[in-house]
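Engineer: Have a look at this fold, sequence not included:
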């Protein structure tokens, strides 16, 4: 069982805005940065968001991250068919362990 | 550009020890800012953090694996390694090395089977 909680699934239609939540605790999300990854089938996870709301170069600005208290969210605007993938959140814990969410499968209808 | 590459056998027999090495290029593993670590993903499942190491050799392990896991670093070779003992079928997974949490290797598939 993952310590960071994500919904197992999410969906949206092309052009729509969807959000994926990630819930944790005071010792992880509450006091550390959150990271978001996109994983297409058969590939390694790709970093989408680091330090809670920063985008690596090359990641479209359709992807954005936010954090409030012990929860974080990934928002995808202008949804495209190629966004259909698994999405994971992660965070350091104050104990210096690393926690992952269970993953959210995004379906583009 | 920092790159990480996992290497090691693709198949390990039950009860034996799984050994993987991560070679870092394009940057020094001795950079004092970062932790390095291992993450795995069983088939059809999510990501699991295994453990982390600092260039000085300080380690942090997932409590569920601590009794079987050893992570070490060789700064002279710019590499860090994983050893997981007494493996079973449940250890079959894609294993990733990473500069936590921002740069990942492409992953290597390890199957535990006789």
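Structural biologist: Structure received. Because the structure is a prediction, the values reported are computed rather than measured. Residues are numbered from 1 along each chain as shown, chains lettered A, B, ... in the order given.
Engineer: Let me see the confidence value for the residue sitting nearest the centre point of chain B.
Structural biologist: Nearest to the geometric centre of chain B sits residue B:38, at 3.4 Å (CA atoms, centre = their mean). With respect to pLDDT, residue B:38 has a value of 98.
Engineer: what sits against it?
Structural biologist: B:20, B:22, B:49, B:50, B:51, B:71, B:82, B:95, B:96, B:97, B:98 (CB atoms under 8 Å, 6 or more residues apart in numbering or on different chains). Every C-beta, even on glycine, is put in place using the N, C-alpha and C of the backbone.
Engineer: swap in residue B:10?
Structural biologist: Residue B:10 neighbours (CB under 8 Å, 6+ apart): B:108, B:109, B:110, B:111.
Engineer: Close to chain A: what parts of chain B are there?
Structural biologist: B:35, B:37, B:39, B:46-49, B:52, B:60, B:62, B:96, B:100-107 (CB under 8 Å from any CB of the partner chain).
Engineer: taking the residues you listed one by one, which sit in strands?
Structural biologist: Within the residues of chain B next to chain A, residues falling in strands by DSSP state E are B:35, B:37, B:39, B:48, B:49, B:52, B:60, B:96, B:100, B:103, B:104.
Engineer: pretty sure the fifth one is in contact with residue A:101, am I right?
Structural biologist: No - checked against CB atoms under 8 Å, the pair residue B:49 and residue A:101 is beyond contact range at 11.6 Å.
Engineer: nearest to residue A:50, of the contacts of residue B:38?
Structural biologist: Nearest to residue A:50 among the contacts of residue B:38 is residue B:98, at 12.3 Å by CB to CB.
Engineer: Can you name the residue of chain B nearest chain A?
Structural biologist: Residue nearest to chain A within chain B (CB to the nearest CB): residue B:49, separated by 3.9 Å.
Engineer: Which residue, other than its chain neighbours, is closest to that residue?
Structural biologist: Using CB to CB, 6 or more residues apart in numbering or on different chains and skipping residues adjacent in sequence, the residue nearest residue B:49 is residue A:98, 3.9 Å away.
Engineer: what about that neighbour, how many neighbours?
Structural biologist: Residue A:98: 26 surrounding residues under other CB atoms under 10 Å in any protein chain shown.
Engineer: Can you check the pLDDT for it?
Structural biologist: 97.
Engineer: On the three-state scheme, residue 30 is what?
Structural biologist: Went with chain A since none was named. With DSSP: H, G, I helix; E, B strand; the rest coil as the basis, residue A:30 sits in coil.
Engineer: pLDDT below threshold where in chain A?
Structural biologist: A:1-2 (pLDDT under 70).
Engineer: Contact distance from chain B - what residues of it qualify?
Structural biologist: So far as CB under 8 Å from any CB goes, chain A lies against chain B at A:2, A:35, A:37, A:44-45, A:47, A:50, A:56, A:88, A:90, A:92, A:95-103.
Engineer: Of these, grab the buried ones for PyMOL.
Structural biologist: To isolate the buried members of these in PyMOL, using 16 or more other CB atoms under 10 Å in any protein chain shown:
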select buried, chain A and resi 2+35+37+44+45+47+50+88+90+92+97+98+99+100+101+102+103
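Engineer: related to what we said a few turns ago, make CSV out of the ones in strands among the residues of chain B next to chain A and add neighbour count.
Structural biologist: Shown next, in CSV, are these (neighbours: other CB atoms under 10 Å in any protein chain shown):
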residue, neighbour count
B:35, 19
B:37, 27
B:39, 27
B:48, 17
B:49, 23
B:52, 25
B:60, 19
B:96, 23
B:100, 21
B:103, 19
B:104, 20
